[in-house]
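**Q** how would this look folded up:
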Amino acid sequence: MSRLRANFLLLLAGAVWGMGFVAQSTAMGALGPWTFVAVRFALAALTLLPFAWFESRRAARPLPRATLGGFLLIGAALFVAAITQQIGIVTTTVTNSGFLTGLYVVLTPVLALLFLKHRPHWVVWPAALAAFCGIVLLGGGSLSALGPGDIWTIVCALFWALQILFVGVFSGSSNRPYMLSFVQFAVTALLAAIGAVLLETPTAAAVAAVWPEIVYGGVFSSGLAFTLQVLGQGHTSAAQASIFLSSESLFAALFGGLVLGERIAPIGFLGCALIFAAMLAVELVPLILPKERNRASSPRRATG
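**A** Okay, the predicted model is just below:
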């Protein structure tokens with residue numbers, strides 16, 4: 001798969017996540033965050049199960065234990081990111097949540113450098129900063145005082161960055177994208193279900209009341225979009241992937257306008273332009289400056 005096609009898959013994942021933010025927010029009127037995350041990712045795991053089974057049947061050899069351990073690690077990072085984001089959405093403003101979640105676009109290349117000692121192409125650094133500034137402007141350019149929900153969302157951003165980083169490490173080498181997706185969904189669903197039983201009182205009626213949001217969140221926003229992320233990150237770097245995935249802010253604003261009648265402030269259009277410019281930069285600059293591109297870490301390793 002070419003890097004251009006891989007980045008298109010990541011962009012498509014961002015589009016699906018952008019629409020998912022609407023479903024994710026409205027479902028909180030009937031369900032607690034632990035129950036929503038558990039049901040959402042259980043449905044995602046069921047969606048990927050036949051694909052993972054067929055992939056395993058065609059595999060030349062069983063999945064190595066070390067690789068399975070990596071998939072479980074990805075699932076743990078996804079669980080913490082998903083549950084902290086969902087708790088944050090309940091207790092903070094939508095504007096703050098969008099700003100602070102977007103921190104992963106800056107954290108991903110930093111963590112790749114600190115933990116994996118891989119230096120991204122130099123254009124990733126200004127592009128990551130431009131993408132985050134674009135997210136801030138897209139939300140109106142202001143951030144209210146930090147509260148408990150904002151702290152949850154900052155933790156969420158850290159673990160989104162770790163999930164992106166871990167997917168980059170294991171997706172390219174394992175060549176088992178559907179099994180990776182299934183395992184991370186199953187781990188997240190199991191851990192969230194334990195929390196739901198201990199901390200909430202989930203009922204079938206409450207789940208049924210928001211079934212459209214759950215179906216979209218489970219089948220599309222999780223099953224489809226996270227699998228697109230895994231497929232795309234097998235052929236590009238984690239740092240570049242985080243920039244393309246940050247397009248979810250653009251699509252969230254678009255779908256918010258189409259579905260909920262929300263409007264983008266004039267300064268938000270500048271934010272859109274910055275995010276779009278960042279995506280173009282990480283795609284085109286390495287082609288224009290091939291010597292600089294070759295100094296970056298290998299795209300197949302996808303470790304930032």
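
**Q** so residue 242 sits right up against residue 161, yeah?
**A** Yes. Counting by C-beta atoms under 8 Å, residue 161 is a contact partner of residue 242 at 7.0 Å. For every residue, glycine as well, the C-beta is placed using N, CA and C.

**Q** where do the helices sit along the stretch 201-304 of the chain?
**A** Under the criterion DSSP state H, counting those that start in this stretch, the stretch 201-304 of the chain contains helices at 204-209, 211-215, 225-233, 238-245, 248-260, 266-288, 290-295.

**Q** Go ahead and confirm residue 108 touches residue 239.
**A** Yes. Counting by C-beta under 8 Å, residue 239 is a contact partner of residue 108 at 5.6 Å.

**Q** and those two? which has more neighbours close in?
**A** Applying other C-beta atoms under 10 Å to residue 108 and residue 239 shows that residue 239 carries more neighbours, namely 34 against 31.

**Q** Next, the contact list for that one, please.
**A** 108-109, 112, 120, 124, 128, 304 (C-beta atoms under 8 Å, 6 or more residues apart in numbering).

**Q** Give me the below-cutoff pLDDT ranges for the stretch 201-304 of the chain.
**A** Scanning the stretch 201-304 of the chain for pLDDT under 70 picks out 256-257, 259-264, 287, 290-304.

**Q** Could you rerun that using 80?
**A** For the stretch 201-304 of the chain, residues meeting the criterion pLDDT under 80 lie at 248-266, 268-269, 272, 279-280, 282-284, 286-304.

**Q** Where does the prediction get shaky in the stretch 1-150 of the chain?
**A** For the stretch 1-150 of the chain (pLDDT under 80), the answer is 1, 3, 18-29, 89-103, 118-121, 135-136, 138-147, 150.

**Q** repeat that with 70
**A** Residues of the stretch 1-150 of the chain that meet the criterion pLDDT under 70 lie in 21, 93-99, 139-146.

**Q** could you show me where the strands are in it, in order?
**A** Applying DSSP state E, counting those that start in this stretch to the stretch 1-150 of the chain gives no strands.

**Q** can you pull out the helices in it?
**A** Under DSSP H, counting those that start in this stretch, the stretch 1-150 of the chain gives helices at 3-26, 33-58, 65-91, 94-101, 104-116, 124-138, 148-174.

**Q** Residue 251 is nearest to which of these?
**A** Set against residue 251 and scored by C-beta to C-beta, the helices of the stretch 1-150 of the chain come closest in helix 3-26, at 2.6 Å.

**Q** And stretch 211-222, how far out from the chain middle?
**A** 15 Å (C-alpha atoms, centre = their mean, to the nearest Å).
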